[in-house]
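Student: From the sequence below, what's the structure:
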Amino acid sequence: MQAFDVLVNIAQNLQQKYAPAPDNEWIGSPFAWLKEGLPSRTIGKIGEEIVAEFCKRYQIPVSSAAGSDADLVIGHTRVEVKFSTLWKGGSYRFQQIRDQDYKAIVALGISPRAAHCWVIPKEVAIDCATNQHGGRRGRDTWWLEVEPDSPPECLSGYGGTLEDATERLRSL
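Tutor: Purely as a prediction, here's the structure:
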């Protein structure tokens, strides 16, 4: 089974738990239910569940992280999961990146008929990101915008395809 098919299976299993019927350009997508008015906090939780279940399906050790500064422990590494569906402009926006107690970001992007993933050291992700908010609040929160067909050079070697990301997850 290909990595994308595994991801589709996980998302379809979670669909019954979270989502109403799809509409717009996502019609017919196995991920359309993610675009139907779910709160952003719920979307983030779904992303964490998808990554955790994906790791389990590939026999990659995964557990919940203690505390609120990281989402999961994959292998021996505390990670923060950032999840984005494709925005109308054709990019992913991995938001609310903070300098907390984790070592890597798993950035999972879902398009109507494709998925992309990067496993990025925290320092690289922050260096590659843009301040998310203006003023004083903007100094500690970033977002990483990625066009899946032409990701920024700073993400080179950190994934992109699910297969590449799976190998990076195995190395944590």
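Student: Nearest the middle, which residue of the chain would you pick?
Tutor: Leu108 (2.4 Å; C-alpha atoms, centre = their mean).
Student: tell me which element that one falls in.
Tutor: For Leu108, the host element (DSSP states H and E) is strand 104-111.
Student: That strand pairs with which strands, and in what direction?
Tutor: Sheet partners assigned to strand 104-111 using DSSP bridges are listed as strand 77-85 (parallel), strand 114-121 (antiparallel).
Student: Is Asp71 in contact with Glu48, as I believe?
Tutor: Yes - using C-beta atoms under 8 Å, Asp71 is in contact with Glu48, at 5.0 Å. C-betas here are computed from N, CA, C, even on glycine.
Student: Which residue of those two possesses the greater neighbour count?
Tutor: In terms of neighbours (other C-beta atoms under 10 Å), Asp71 is the more surrounded of Asp71 and Glu48; the figures are 23 against 20.
Student: Just give the closest residue to that one, not the sequence neighbours.
Tutor: Of all residues not flanking Asp71 in the chain, Val81 sits nearest, at 4.6 Å (C-beta to C-beta, 6 or more residues apart in numbering).
Student: can you map out the helices along this protein?
Tutor: Taking DSSP state H as the test, the helices found in the chain are 3-18, 40-57, 122-128, 162-170.
Student: Comparing the ones you listed, which yields the minimum mean pLDDT?
Tutor: With a mean of 89, helix 3-18 has the lowest mean pLDDT of the helices of the chain.
Student: List the buried residues in that helix.
Tutor: Within helix 3-18, the residues that count as buried by 16 or more other C-beta atoms under 10 Å are Ala3, Val6, Leu7, Val8, Ile10, Ala11, Leu14, Gln15, Tyr18.
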